[in-house]
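Asker: My questions concern the predicted model and sequence given below.
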2 protein chains.
Amino acid sequence: MLIKPAMNLEQVSPKKVSDFIFDRLEEAIILKEFMSDEQLPSERDLATIFNASRITVREALARLESLGLVEKRVGAKGGTFVLPITRNSHLRNRDEMRRNWDSMIEVFEYRMVVEPGAAYLAAQRIKKEELQQLRDYVTASIEPDCTREAFRSIDVRIHLSVAKASGNAYFDHAVRQIRTKINPALDLMPYSDRVKVNNYEAHRDLIAALEAGDADRSRDIMYRHIEHSAEAIRARVFADESFED
Amino acid sequence: MLIKPAMNLEQVSPKKVSDFIFDRLEEAIILKEFMSDEQLPSERDLATIFNASRITVREALARLESLGLVEKRVGAKGGTFVLPITRNSHLRNRDEMRRNWDSMIEVFEYRMVVEPGAAYLAAQRIKKEELQQLRDYVTASIEPDCTREAFRSIDVRIHLSVAKASGNAYFDHAVRQIRTKINPALDLMPYSDRVKVNNYEAHRDLIAALEAGDADRSRDIMYRHIEHSAEAIRARVFADESFED
DNA sequence: ATATAAGGTATAGACCTTAAACCATTCAAT
DNA sequence: ATTGAATGGTTTAAGGTCTATACCTTATAT
């Protein structure tokens, strides 16, 4: 009985403080915790928030700026401002999606397992306040004056809130990670009343199942919801160019 | 429609190269990639492997030593050697489990979702060589001369191999993470023929389902297998002290 | 004009990491 | 007993990262 230990040690490189700050701010922007044209906290405030020096914060901001995610303005009313996501910034275009389609599929596969699991747990534990917050999100998402970007932001928050309501840090973290990967793709999706209504109905039904404490139904609704989402992304990314919007 | 952005920026601290090296080596030891009394690569070799300086490697090893995970010996035939896991080393005892039971439950919940998901995918993709490797593991695990530690090591490798066979890096990483958390608890479990046979049968049935390409059955077998495992751990950790082995 | 609040810049010191060299210990071969 | 080889133990110099602090520049409101 000889079992060969599969030593598999990989090289490591240091992770600088500025790397962590960059990652967190990039994630916040992708998850639309900051909307377009919104101002990030000042460099001095970010330094306090992250418990880092201003120079280190500036290093992270410089990377965000070089990627076209933020823009700096000096003077009074100056600051660091989030730029609108354009089709060509930061690996967010369709060609990039096609080239990295295999890795997108990996994320989808993971999502199909993790998010329904989170919904299953959330149905058993979600609190009244969390349910109310979800209802408010869903109500806001269906209003006529809900812009495309607001709609996208609300969608993110609904899913992250469900993950949080699972009361399990692993699901919370995983859903965040998954969403950070797929949100650029979701931002490519068309925005129409039909899309709004489809999402509204799925979210509404999910909330009803969560409220009823029906874990199985919550899981199934979530599964179908994101299955539909994945299929829509696939269709969009591989659509004939002539249908480009 | 006012949606308040929930800015939630946490403090960060730098992650040193020696932290990464420590983490990786600790994981390797917990996952029994190195068995008791086995020698780690020399400091110079580890420095090459991790692309780090020897001093940095030594810092990581010093932490492992202070936790009682390894022991150093100087001179020819010297080196860094893995110590046997004792009940009192490194948060591995029963009291520690009880105190952190809530976080153990979190891991179990996550595991119940992730590992069946990995098995589901693996059934669709596993390669012949991977199946053969799994069969070899399972065969070795049931042999009469299979020691407790060898049995534990094989068990880990079976589950990690299934995750790898899913062909999805997210599942692979998650299962590794999960296993690193729960393996100390599994090491507390009693070792008997009954345990060996129960595990053998579960693993054997899983391999049969994987070989048949039956994703649903693979998922269900994995689910029941780890459900049983979680229940056994719970029973063990909260057993009356008088039944201590 | 001035005050203010933001980004832009500069310097010194602490800490981490690397590279290279050398020391100390042990065991096997001679 | 001597030597060689492989290991851990130690030292030093240089460079990079991060912090703390201070000061400069810009643009807007008053």
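Answerer: Now that the structure is in, tell me what you want to look at. The structure presented is a predicted model; accordingly, all values stated were derived computationally and were not measured.
Asker: tell me the domain ranges of chain A?
Answerer: As given by automatic domain parsing, the domain ranges for chain A are A:17-82, A:94-243.
Asker: In TSV, list these along with mean neighbour count and distance to DNA strand C.
Answerer: Every residue, glycine included, has its C-beta placed from N, CA and C. Shown next, in TSV, are these (neighbours: other CB atoms under 10 Å in any protein chain shown; distance: least, CB to the nearest atom of the strand, whole Å):
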stretch	mean neighbour count	distance to DNA strand C
domain A:17-82	17	3
domain A:94-243	18	22
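Asker: So which of those domains is nearest residue B:48?
Answerer: domain A:17-82 (24.2 Å; CB to CB).
Asker: Using JSON lines, lay out the domains of chain A together with distance to DNA strand D and mean pLDDT.
Answerer: Converted to JSON lines, the domains of chain A look like this (distance: least, CB to the nearest atom of the strand, whole Å; pLDDT from 0 to 100):
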{"stretch": "domain A:17-82", "distance to DNA strand D": "2", "mean pLDDT": "95"}
{"stretch": "domain A:94-243", "distance to DNA strand D": "22", "mean pLDDT": "94"}
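Asker: Dump the ones you listed into CSV; add distance to chain B as well.
Answerer: Shown next, in CSV, are the domains of chain A (distance: least, CB to the nearest CB, whole Å):
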stretch, distance to chain B
domain A:17-82, 4
domain A:94-243, 3
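Asker: List just the one of those that sits closest to residue B:113.
Answerer: Of all the domains of chain A, domain A:94-243 comes closest under CB to CB, at 3.5 Å.
Asker: who's in contact with the closest residue in space to residue A:79 that isn't next to it in sequence?
Answerer: Leaving aside its sequence neighbours, residue A:79 sits nearest to residue A:39 (CB to CB, 6 or more residues apart in numbering or on different chains; 4.5 Å). Going by CB atoms under 8 Å, 6 or more residues apart in numbering or on different chains, residue A:39 touches A:79, A:80, A:81, A:82.
Asker: the strands in chain A, which residues?
Answerer: Taking DSSP state E as the test, the strands found in chain A are A:70-73, A:79-82.
Asker: what's the last one packed up against?
Answerer: What it means is strand A:79-82. With contacts defined as 3 or more CB pairs under 8 Å, 6 or more residues apart in numbering or on different chains; DSSP states H and E, the packing partners of strand A:79-82 are helix A:54-66, strand A:70-73.
Asker: what helices or strands is the top helix by length along chain A leaning on?
Answerer: If you go by DSSP state H, chain A has its longest helix at helix A:101-125. Judged by 3+ CB pairs under 8 Å, 6+ apart, the packing partners of helix A:101-125 are helix A:148-165, helix A:169-186, helix A:193-211, helix A:215-237, helix B:101-125, helix B:169-186.
Asker: chain center to the fourth one, what's the gap?
Answerer: When C-alpha coordinates are averaged (CA atoms, centre = their mean, to the nearest Å), helix A:215-237 and its chain have centres 15 Å apart.
Asker: again with the fifth one
Answerer: Computed by CA atoms, centre = their mean, the separation of helix B:101-125 from the middle of its chain amounts to 13 Å.
Asker: now swap in the third one and tell me
Answerer: Taking CA atoms, centre = their mean, the mean C-alpha location of helix A:193-211 is offset from the chain mean by 18 Å.
Asker: So which residue is smack in the middle of chain A?
Answerer: residue A:179 (3.4 Å; CA atoms, centre = their mean).
Asker: residues touching it, list them.
Answerer: Taking CB under 8 Å, 6+ apart, one finds A:31, A:156, A:159, A:160 in contact with residue A:179.
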